[in-house]
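>>> coordinates for the following, if possible.
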Amino acid sequence: MLKRNLFIVLLFLFSNVSLAADYPTGYRAIERVGCHLRDNICYAYLDGPEIGIPKLCESDSVRWVTDQPNGREMLSLIMSAYHAKTRMAFVIDSCLAQQPSYPTFRNAITEPK
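Here you go, the predicted model:
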C-alpha cells in the first residue's frame, strides 16, 4: 500500500512538472500595440525572432484578453513601455485559447534603466 501511494504521489509531481513549461522572450522592443473591438483581445508585436511554444503557437506578437485578471493593467503597462521606447520581457506559458495560433504570457516586466 505504501509503495502504491508513493508511486501515485511521484507520478502526480512529475506529471505537473513536465506540463509546466515557460518560454522567456528576453527583453524585446515593442513595435506595435492594438486591440480588437469585438472580443477584448489585445496584442503587442515584438522585435526579433518569433516567440511562443515550439510547434504549437509561434508568432511575432503576444496576445491576451483584457477582461481577464490584470488584462487592462497589462495593456496600460505595454502601452507605456511602447511610448517610452522601453523594452519588455515576457514569459510565454500557453497559446491563447480564443486564438490558438498566438502565444499568450504569464507575466511581463520592463527592462531596468
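>>> residue 65 touches residue 35, doesn't it?
No - Residue 65 is not in contact with residue 35 according to Cβ atoms under 8 Å; the separation is 10.2 Å. Any C-beta I mention is one placed from the backbone N, CA and C, and that applies to glycine too.
>>> overlap in contacts, these two.
Common contacts of residue 65 and residue 35, defined by Cβ atoms under 8 Å, 6 or more residues apart in numbering, comprise 41, 42.
>>> who has more neighbours, the two?
Comparing residue 65 with residue 35 by other Cβ atoms under 10 Å, the one with more neighbours is residue 65, at 18 against 14.
>>> so what pairs up with the more buried one in the strands?
residue 41 (DSSP bridges).
>>> residues contacting it?
For residue 65, the contacting residues are 39, 40, 41, 42, 71, 96, 98, by Cβ under 8 Å, 6+ apart.
>>> hmm, 7 Å instead?
Shown in contact with residue 65 (Cβ atoms under 7 Å, 6 or more residues apart in numbering): 40, 41, 71, 98.
>>> pick out the most distant pair among those residues.
71 and 98 (12.3 Å; Cβ to Cβ).
>>> mind checking the SS state of the closest residue to residue 23 other than its chain neighbours?
With sequence-adjacent residues excluded and distances taken as Cβ to Cβ, 6 or more residues apart in numbering, residue 23 is closest to residue 92, at 4.1 Å. Three-state call for residue 92 (DSSP: H, G, I helix; E, B strand; the rest coil): strand.
>>> continuing past the helix or strand of the chain with the lowest mean pLDDT, what's the next helix or strand?
Least confident helix or strand, the chain: helix 2-19 with a mean of 40, by mean pLDDT, DSSP states H and E. Toward the C-terminus, helix 2-19 is succeeded by strand 23-24 as the next helix or strand (DSSP states H and E).
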